[in-house]
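Participant: pasting the sequence and the predicted model now:
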Amino acid sequence: MIIWSLVVTGASLALMPLVHGDIHLHGELSWKLLFSSNGGAWWALLGVLALLAIGTGLTRPPLFGLLSNLTPANEQGATLGIAQGAGSLARIVGPMFAGPFFQAQPSLPYFACATIAIATALVFMNRIGHHTQPAVTPNL
Amino acid sequence: MASALCTINLILACFILKESWTPAAEHVPSRARFVQWRQTLQQPVVGALVVIFFLATFCFATFELTLGLLISRNFGLDLENHDDLHAARRIAGTLFMYCGIVGALVQGGPIGKLVKTFGERN
């Protein structure tokens, strides 16, 4: 599940910079535009974004579920704290990386992150593959 | 708005969630910060999960930062132009709201079933 969510995330990140449109030609995003013949580019964008939202939405819950299941009860606070800390760290370094890369070439951060997501999926496939998720997913 | 939601969340958590700590629970050895990091990351699966979470969040943060800029560029908006800048803000806001709604639907809806069906074998 975690691995699949990373693959979906990676695929949608790779597609994102490929969606092009012309706002002056087609008009701004609106309900009316979406249901007209000019809505194509926006539909594509919304589709890719939906894929991305699904991918990222499917990463967290099973990941934290597995994390807390693999940790003894008295260590859970520490482990989840470390995980959240890693997430915060990523929120700091992500933009630091994204800015310069975007300036160099706007699609670069997207392709780089797509590669990271898919590579992560491939590398960790075996490592977490053997662990089965119990029926109850903690609500995190 | 966001802070109000957080406050409500905190208050609800206080009343609804049960205390998970029991007096019988073994005491946690307290460790220095970096020792704790090493200790957590050294466990094969737990460490891998933390690394995955880091990378996934990294990708998401990158996307969050650049989406508005990318859309402006790919849809021919000139951010130096006042009207275009406003349009770009509106669009980016709408798109993030859309992402949030889709994400909430996914997390609130099918995920439990999906996890049960696919487990963590994948």
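Facilitator: Here it is on my side, so go on.
Participant: closest residue of chain A to chain B?
Facilitator: Residue nearest to chain B within chain A: A:G94 (2.9 Å; Cβ to the nearest Cβ). Where you see a C-beta, it was placed from the backbone N, CA and C, and this is true even at glycine.
Participant: just checking, that residue touches B:A61?
Facilitator: Yes: look at A:G94 against B:A61 with Cβ atoms under 8 Å: they come within range, at 2.9 Å.
Participant: sorry, back to before: checking the residue of chain A closest to chain B next. Helix, strand or coil?
Facilitator: The three-state label given to A:G94 by DSSP: H, G, I helix; E, B strand; the rest coil is helix.
Participant: what's the longest helix in chain B?
Facilitator: Assignment by DSSP state H gives helix B:44-74 as the longest helix of chain B.
Participant: is there proximity between the helix or strand that that helix is followed by and chain A?
Facilitator: Where DSSP states H and E defines the elements, the next helix or strand beyond helix B:44-74 is helix B:82-108. Yes: counting by Cβ under 8 Å from any Cβ of the partner chain, contacts between helix B:82-108 and chain A involve B:87, B:90-91, B:94-95, B:98-100, B:102-104, B:106-107.
Participant: low-confidence stretches in chain A?
Facilitator: The model of chain A has pLDDT under 70 over residues A:24-30, A:32-39, A:129-140.
Participant: what residue is smack in the middle of it?
Facilitator: In chain A, the centroid-proximal residue (Cα atoms, centre = their mean) is A:T56; its distance is 3.6 Å.
Participant: ok, B:G76 touching A:D22?
Facilitator: Yes: at 4.8 Å, B:G76 and A:D22 qualify as touching, with contact defined as Cβ under 8 Å.
Participant: follow-up on the earlier one: save the residues of helix B:82-108 next to chain A as TSV, and put in neighbour count too.
Facilitator: Shown next, in TSV, are the residues of helix B:82-108 next to chain A (neighbours: other Cβ atoms under 10 Å in any protein chain shown):
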residue	neighbour count
B:A87	20
B:R90	13
B:I91	22
B:T94	14
B:L95	18
B:Y98	16
B:C99	21
B:G100	12
B:V102	19
B:G103	19
B:A104	12
B:V106	20
B:Q107	18
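Participant: which stretches of chain B have low pLDDT?
Facilitator: Along chain B, segments meeting pLDDT under 70 span B:19-30, B:115-122.
Participant: again, 80 this time
Facilitator: Residue ranges of chain B with pLDDT under 80: B:15-34, B:39-44, B:75-82, B:84, B:108-122.
Participant: residue of it nearest chain A, please.
Facilitator: Going by Cβ to the nearest Cβ, chain A is nearest to B:A61 of chain B, at 2.9 Å.
Participant: right, I'll call it a day here.
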